[in-house]
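Peer 1: fold the following for me, if possible:
(one chain, ligands or ions: 2)
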Amino acid sequence: MKLLEYEAKLIFHNHGINVPKGILVSKDEEILLHLHDIGNQLVLKAQVDVGGRGKAGGVLMADEETAVETARELFSRKIRGLSVTRVLIEERLPIEHEYFVSITLDRASKQPVILFGDTGGVDIEKAARDSADAVRRILVMPLLRNVPAFQMRELLGDAPEELADSINKLYHVFCDKDALLAEINPLVTTPAGVYAADAKLIIDDNSLRRQKIAVNRDLSRREREAEKHGFSYVELGGNIGVIGNGAGLTMSTLDLIDHYHGKAANFLDVGGGADRKRVCYAVKLLSGLESVKVIVVNLLGGITRCDEVAKGIVDAGVSQQVIVRLAGTNEAEGRKILAEHGYKMLDTMEDAVKAAVEMAE
Ligand code: GDP
Ligand code: MN
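Peer 2: Ligands and ions are numbered 1, 2, ... in the order given. Reported below is the predicted structural model:
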């Protein structure tokens, strides 16, 4: 789950990383209450979950006099389509230099990897593209609490040594918070020391319980419901609903939809041994998605029995057309039940997907 900047900064602060003084407001006038705490030169930052926020107009400079009207402007904006409901008002740091530091997992070596760039800021992607050594990387032995000095020197190159402490602390955040990503861009030097001017933290969804995060905000309401039922469910934005059993078969169904130039609305793996109730629930779940015009059910009967599946589909009785491909245990019974209730059952997944794509058009 992605945290917003102000949440990540609070965590960074608790781990000893310097962050600018700031306050979160949800109304422009609220700023007036806090100005004397923050100072005269300000940065106003929309708390929205988008990359390249600064370039999209989500970061504005202001001073005491212009703070309220600047905040009003920010609240009225849409940043890459997202409304601004909260703004972080911060003291403006007198930045000497902007660096980039990012910690993530390197899947190939199964180790944390730390990336560091001498020229951080909003153009880091371009800098990394233009010059092969603009960003250096080191792999960290997972058993170590700190980056060993020789690796830190390799990472920093000619950058000031005083950055090392913040990088180690960010690494502690990464480990302690079960993060998939911990990033500061820009990490800045100022006359008063090193500061995190921005903060990004993504917590591994599998660790939310350990991290005492009750609700995964990155999931839609429907995705949370599905999770409760033990489905693997992801919304994809298209108009063809997909129900499969097993991740492989469900992925193949998505691939086929793409192959026939359709757009899948979702990924939904009902898992093994899906019974009548679960299938009924899955069909209803997709039917409730506004964009869905047709639903493809592609199930292999093993432990799952095709007649149970057929009954589940009939029970759901949704308004959208449901196109079914069932194979395996009790296939003939399943076919019979579906036929009796006017459902289309096709023999191959190619036929089922083709029919669904045509219907969705
Ligand atoms: P992002 O676009 O979402 O990554 O937003 P950032 O928080 O990284 O801010 C974008 C840019 O605004 C930074 O790279 C800085 O150049 C500038 N900026 C942000 N905070 C400050 C600050 O406190 N002082 C100064 N002088 N510039 C800042
Ligand atoms: Mn940034």
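
Peer 1: please list the residues of the protein that sit near ligand 1.
Peer 2: Residues of the chain found near ligand 1 (CB under 6 Å from any ligand atom) are 20, 43, 45, 52-54, 59, 92-93, 95, 98, 121-122, 185-186, 197-198. All C-beta atoms are positioned from the backbone trio N, CA, C, and that covers glycine.

Peer 1: filter these to the buried ones?
Peer 2: Buried by 16 or more other CB atoms under 10 Å: 20, 43, 45, 53-54, 59, 92-93, 98, 121, 185-186, 197-198, out of the residues of the chain next to ligand 1.

Peer 1: out of those, which are inside strands?
Peer 2: Applying DSSP state E to these, the entries found in strands are Val43, Lys45, Val59, Glu98, Asn185, Pro186.

Peer 1: ok, the last one to ligand 2 distance?
Peer 2: Spelled out, that is Pro186. Relative to ligand 2, Pro186 is positioned 6 Å away (criterion: CB to the ion, to the nearest Å).

Peer 1: in this structure that residue contacts Asp198, no?
Peer 2: Yes. Contact between Pro186 and Asp198 holds when scored by CB atoms under 8 Å: they sit 6.3 Å apart.

Peer 1: quick one, helices of the stretch 101-250 of the chain?
Peer 2: 124-130, 149-156, 163-176, 221-228, 247-259 (DSSP state H, counting those that start in this stretch).

Peer 1: what sits closest to the residue in the chain positioned nearest to ligand 2 if chain neighbours are left out?
Peer 2: Residue nearest to ligand 2 within the chain (CB to the ion): Asp198, separated by 3.4 Å. Nearest non-adjacent residue to Asp198, counting by CB to CB, 6 or more residues apart in numbering: Asn185, 5.6 Å away.

Peer 1: Ser252 too?
Peer 2: Met349 (7.1 Å).

Peer 1: tell me the phi and psi of that neighbour?
Peer 2: Main-chain torsions, Met349, degrees, to the nearest 10: phi -70, psi -30.

Peer 1: gap between it and Arg325?
Peer 2: Distance, Met349 to Arg325, using CB to CB, to the nearest Å: 5 Å.

Peer 1: ok, the two, which is more surrounded?
Peer 2: Between Met349 and Arg325, Arg325 has the larger neighbour count (other CB atoms under 10 Å), namely 23 against 18.

Peer 1: is it true that the residue nearest to Asp198 touches Gly121?
Peer 2: Yes. The criterion here is CB under 8 Å, and Asn185 meets it with Gly121 at 7.0 Å.

Peer 1: what is in contact with the two at once?
Peer 2: Contact criterion CB atoms under 8 Å, 6 or more residues apart in numbering; residues shared by Asn185 and Gly121: Glu98, Phe100.

Peer 1: if I pick the closest residue in space to Asn245 that isn't next to it in sequence, what's in contact with it?
Peer 2: Closest residue to Asn245 apart from its sequence neighbours, by CB to CB, 6+ apart: Leu299 at 4.9 Å. Contacts for Leu299 (CB under 8 Å, 6+ apart) come out as Ile243, Gly244, Asn245, Leu249, Val270, Ala274, Val279, Cys306, Val309, Arg325, Leu326, Ala327.

Peer 1: show me this structure divided up by domain.
Peer 2: Domains of the chain are assigned by automatic domain parsing as 21-91, 97-207, 221-360.

Peer 1: near ligand 2 at all, the shortest one?
Peer 2: No. With CB under 5 Å from the ion as the threshold, domain 21-91 lies outside contact range of ligand 2, at a closest distance of 6.5 Å.

Peer 1: any chance of the ones in strands among the buried ones among the residues of the chain next to ligand 1 in TSV, plus distance to Phe150 and pLDDT?
Peer 2: Shown next, in TSV, are these (distance: CB to CB, whole Å; pLDDT from 0 to 100):
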residue	distance to Phe150	pLDDT
Val43	36	97
Lys45	37	98
Val59	37	98
Glu98	26	97
Asn185	25	97
Pro186	26	97
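
Peer 1: ok, those vs Val140, which is closest?
Peer 2: Nearest to Val140 out of those is Asn185 (CB to CB; 19.0 Å).

Peer 1: quick check, Val324 in a helix?
Peer 2: No. Looking at Val324 with DSSP: H, G, I helix; E, B strand; the rest coil, it is strand, so not inside a helix.

Peer 1: right, and it touches Leu346 too?
Peer 2: Yes. Taking CB under 8 Å as the definition, Val324 is a contact partner of Leu346 at 7.2 Å.

Peer 1: higher neighbour count, the two?
Peer 2: In terms of neighbours (other CB under 10 Å), Val324 is the more surrounded of Val324 and Leu346; the figures are 22 against 18.

Peer 1: so what's that one up against?
Peer 2: Taking CB under 8 Å, 6+ apart as the test, what Val324 contacts is Val296, Val297, Asn298, Val309, Ala310, Ile313, Leu338, Tyr343, Lys344, Met345, Leu346, Ala352.

Peer 1: gap between it and ligand 1?
Peer 2: In this view, Val324 and ligand 1 are 46 Å apart by CB to the nearest ligand atom, to the nearest Å.
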